[in-house]
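> Sequence plus the predicted model coming up.
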Amino acid sequence: MSGSAKQVLLAKPRGYCAGVDRAVEAVEQALDQYGAPVYVRKEIVHNKHVVETLRERGAIFVDEASEVPEGAHVVFSAHGVSPAVRDEAKGRNLQTIDATCPLVTKVHQEAKRFAREDYDILLVGHAGHEEVEGTSGEAPEHIQLVESAADVDSVTVRDPERVVWLSQTTLSVDETMDTVRALRERFPKLQNPPSDDICYATQNRQVAVKTMAPRCDLVLVVGSRNSSNSVRLVEVALGAGAGASYLIDYAREIDESWLDGVTTVGITSGASVPEMLVQGVVEYLAERGFGSVEEVDTAEETLTFSLPRELRPPRGRSLGLTPVN
């Protein structure tokens, strides 16, 4: 699996995706334009470091819009919200800034369209995830959540001829397709989404890890435990042949025993992780003899999203959370 010299394989692409970059900058810009405090419903993205850094600047994270003082500014997170949340914010005269990832918005639009056409919608995703709650809220009477292939036998539909599947954007591609195959066995006329729901960044990071993992004794995934796409990267690494894989927020969380007998360490990061945290892991390993770094490059990402319309056109200073190219 590994050679004799200690080395690091660095997955590319890794870290920030366009939707996360946009969401983090939205909070930064809101703080610049309106001053602290700016409220954020849920975590703007699922990364401990990002949330803590924004909190230090004056962002206040709340679970529900009802916790925001009337008339205040509130940012909706990258994961999206249901119409009920928007209505609640409007009822409290909140000044909303919608940082929902445009790729999540696309899934919302698909859900609304298929609901209008009276389809049963089978949403592949994880119960309790904010993105799933937001999408389900667009058409609650038409959407059923399917978490895995094991759930397929319990799915019921009104008309097997009018069934479509959609998915949470941050899932494992392989696991999602396993679930879809099981659904199609039960419902042969199951329709696909108009375009792929699993986001380009999630797919790209999984492909990079699959390419790298067979060469690795250990794969370290930088990301938070509530980050679905980061958790999936650990699973993908193990499934693709890595000797071991662990999820960490910071280099200081590495257990030195993980490095026993290891000569090749792969490093990647979830789509909400600042590059500075990855470089912290690279430096940690360099201090322990892993001085050779090879980048495993499987895709070039050039997509960018403009800021939420409420914040255009000014561009202010950055927190240092934006990606390092």
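Cool, got the structure.
> residue boundaries of the helices in the protein?
Counting by DSSP state H, the chain has these helices, from start to end: 18-34, 48-57, 83-91, 102-116, 130-136, 173-186, 200-212, 228-239, 275-286.
> how far out from the middle of the chain is the longest one?
Okay, so that is helix 18-34. Remark: helix 18-34 is offset 17 Å from the chain centroid, using C-alpha atoms, centre = their mean, to the nearest Å.
> Could you dump the helices of the chain into a markdown table and include distance to residue 256, mean pLDDT and mean neighbour count?
In short, each C-beta sits where N, CA and C put it, glycine included. A markdown table is the format used below for the helices of the chain (distance: least, C-beta to C-beta, whole Å; pLDDT from 0 to 100; neighbours: other C-beta atoms under 10 Å):
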| stretch | distance to residue 256 | mean pLDDT | mean neighbour count |
| --- | --- | --- | --- |
| helix 18-34 | 31 | 98 | 23 |
| helix 48-57 | 22 | 98 | 17 |
| helix 83-91 | 44 | 97 | 15 |
| helix 102-116 | 39 | 98 | 19 |
| helix 130-136 | 35 | 98 | 23 |
| helix 173-186 | 32 | 96 | 17 |
| helix 200-212 | 22 | 97 | 23 |
| helix 228-239 | 19 | 97 | 23 |
| helix 275-286 | 10 | 98 | 18 |
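> What pLDDT is listed against the closest residue in space to residue 261 that isn't next to it in sequence?
Leaving aside its sequence neighbours, residue 261 sits nearest to residue 217 (C-beta to C-beta, 6 or more residues apart in numbering; 7.3 Å). pLDDT for residue 217: 98.
> wait, residue 217 sits on residue 245?
No. Using C-beta atoms under 8 Å, residue 217 is not in contact with residue 245, being 10.2 Å away.
> Just want to know which of these two has more residues nearby.
Set residue 217 next to residue 245 and count neighbours by other C-beta atoms under 10 Å: residue 245 wins out with 23 against 18.
> so who does the more buried one touch?
213, 218-221, 234, 237-238 (C-beta atoms under 8 Å, 6 or more residues apart in numbering).
> Residue 256 and residue 268, how far apart?
20 Å (C-beta to C-beta, to the nearest Å).
> now do residue 81
29 Å.
> Quick check: end-to-end length of stretch 138-156?
Using C-alpha to C-alpha, to the nearest Å, the span of stretch 138-156 from its first residue to its last is 20 Å.
> Contacts made by that stretch with the rest, please.
82-83, 108, 111-112, 114-115, 118-127, 132, 135-136, 165, 175, 178-179, 181-183, 185-186.
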